[in-house]
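Asks: heads up, no residue letters with this:
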DNA sequence: GCCGTTTTCGGCCCGACTGTTTTCAGTCG
């Protein structure tokens, strides 16, 4: 397996899975095998690059990475390879490591296949397995049969066409359509999403749902007639699986209402949350499963999750927190946070309109008035009317100031007319812009333009791959202007497309805290940026955040809920989020009459 | 190989499903 000094998390995960697999073939201690598997899982779920953590001397932050594995990682990034790993891997055919990761193929199967078929080279290994399967050579190998041969073929096909994970809103929409449909069947007493969708992670693999029912067969048969199903993959007594027209799989699991709580808890996960929970249960001689809690051979059933957690002596834990990041300890001490709810949001402070100037970036689809009316429909108390700054190549400095003046007058007119047309309701309209932080840290608008705004959002939109220290300085400089209150989409990540830029978040968060700047949680589906783990870090450091939609059309303003999901995953309470404040408070915080 | 206010030694999550090797190993979540 090729290794190098700049391996990203995905590559490191693959390496560790290979080592774990190699140990499995060699009948190493199951605990050592598991240790590498755990380390791989931990890195896979880390929201930071292992290489960055290594540079900062913080590999120990990764659960499951102890002194030994940390030493190997150190050697990897110093030399580009790990001598010990090379020795271990060299004892086995490299082709087998290409196969690990194909659904249904683990280390043992992979090893047997390449041995028996005489495949040694990694290159083309999957293709050769496929050929062998087509020629019926696999079913002749001892331990395999016709079924397993076609399963392998199916597994490879799935592996090769595996796409990116779904974005949260897509998964949510599929699930909500299904839920509406399922609720039409009277036998369905309760229905909930499961897994990462229920935990509201930013991307989701499959849509899984649980149904509480006394009549599973009715539920299953109703499920298999879902109009948006393209194909039914499996249909058993209590579970079924179909392919949604989007190509995504949907699983349903049924359970009797009086036992539903344990099922819901079990399949919501996360895996690490459940493992930790079982370890704690074990100390009380309890054994947990999807069926309930077993004590001395007797299983107790639970209708609700709340009862399930209560039986373990803890508070019910909101699904968003179930990542084994301290939520279990907090629940045991009844110290879980009071997570923010979307109903607590009182305004949207970062959105775009179709205001007709030659903008540095994309403009919105709706007028200022339409955006404001939508905000009123949503029951907001205030709204920040923003746009990207005027393009620096299209206007000179003087023209930019004139343009901002014209636009400010436009907003004043709007304020006046809205007050007249909606006399019963007041909404506070704020004049803002999203301003580029240029590569040298300067803002794309001169001071004379900035003073006309109520506040500004500053964001990075260019030169995203500059060194970490430079990026940090750049962001700090951009944020330091008194009118700049919000750092927009802080990491610049685009889900399934690009990693965020490298920056020293500790430094930026400290600066934000000391200078009263707000870090944005951008609710745009491909952004969801700040990422949840950084939200948690920011909150621990006492930084204030703001949830914005960055809407470019009125319908985007409905995406606020996904930003709230991210905030909740980061343990945010309403008091941590600027736009839960009433206008009277917001005004004092945001609209300081600072001299520029 | 990791980990720890009951332990720095001695533990380490649980069950379902599947196919094939009739009693269980391998994989998965």
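Replies: Thanks, I have the structure now. It should be emphasised that the depicted structure is a prediction, and the values quoted were computed from it without experimental measurement.
Asks: which non-adjacent residue is nearest residue A:236?
Replies: Spatial nearest neighbour of residue A:236, excluding adjacent residues (Cβ to Cβ, 6 or more residues apart in numbering): residue A:220 at 7.5 Å. No exception for glycine: its C-beta is placed from N, CA and C like everyone else's.
Asks: help me confirm that residue A:147 is found in a helix?
Replies: Yes: checked against DSSP: H, G, I helix; E, B strand; the rest coil, residue A:147 lies within a helix.
Asks: before we move on, the earlier item: pretty sure the residue nearest to residue A:236 contacts residue A:252?
Replies: Yes: here residue A:220 reaches residue A:252: they are 7.2 Å apart, a contact under Cβ atoms under 8 Å.
Asks: ok so, going back, helix/strand/coil for the residue nearest to residue A:236?
Replies: Secondary structure for residue A:220, judged by three-state DSSP, is helix.
Asks: check the one 10 residues further on too.
Replies: Taking three-state DSSP as the rule, one finds residue A:230 in the strand state.
Asks: how many neighbouring residues does the residue in the stretch 51-200 of chain A that DNA strand B sits nearest to have?
Replies: The stretch 51-200 of chain A approaches DNA strand B most closely through residue A:145 (1.9 Å), counting by Cβ to the nearest atom of the strand. Counted with other Cβ atoms under 10 Å, the neighbours of residue A:145 add up to 13.
Asks: report the secondary structure state of the spatially closest residue to it that is not a sequence neighbour.
Replies: Using Cβ to Cβ, 6+ apart and skipping residues adjacent in sequence, the residue nearest residue A:145 is residue A:139, 5.5 Å away. Classification of residue A:139 by three-state DSSP places it in coil.
Asks: thinking residue A:139 is in contact with residue A:152, fair?
Replies: No: contact criterion Cβ under 8 Å: residue A:139 and residue A:152 do not qualify, at 9.8 Å.
Asks: measure residue A:243 to residue A:222 for me?
Replies: Plainly put, residue A:243 is 17 Å away from residue A:222 if you go by Cβ to Cβ, to the nearest Å.
Asks: those two: which is more packed in?
Replies: A count of neighbours by other Cβ under 10 Å puts residue A:222 above the other of residue A:243 and residue A:222, at 20 against 15.
Asks: who touches that one in this structure?
Replies: Applying Cβ atoms under 8 Å, 6 or more residues apart in numbering to residue A:222 gives the contacts A:182, A:184-185, A:187-188.
Asks: just the buried residues out of the residues you listed, in ChimeraX syntax.
Replies: For the buried members of these, the matching ChimeraX selection, counting by 16 or more other Cβ atoms under 10 Å, is:
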select /A:182,185,187,188
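Asks: out of the contacts of residue A:222, which sit inside helices?
Replies: Among those, DSSP state H puts residue A:182 in helices.
Asks: next step: the contacts of residue A:222 restricted to strands.
Replies: Per DSSP state E, strands hold no members of the contacts of residue A:222.
Asks: in the stretch 351-500 of chain A, what residue lies closest to DNA strand B?
Replies: residue A:496 (19.3 Å).
Asks: after the longest strand seen in chain A, next one along is what?
Replies: Counting by DSSP E, the longest strand found in chain A is strand A:428-436. Past strand A:428-436, further along toward the C-terminus, the next helix or strand under DSSP states H and E is helix A:447-450.
Asks: near DNA strand B at all, stretch A:329-340?
Replies: No: Stretch A:329-340 is not in contact with DNA strand B by Cβ under 7 Å from any atom of the strand; minimum separation 8.9 Å.
Asks: give me the residues contacting that stretch.
Replies: Against stretch A:329-340 from outside (Cβ under 8 Å, 6+ apart): A:280, A:309, A:313-318, A:320-321, A:327, A:564, A:567-568, A:571-574, A:576-577, A:580.
Asks: let's see that with 10 Å instead.
Replies: Outside stretch A:329-340, the residues that touch it by Cβ atoms under 10 Å, 6 or more residues apart in numbering are A:276-277, A:280, A:309, A:312-318, A:320-322, A:326-328, A:539, A:545, A:547, A:563-565, A:567-577, A:580.
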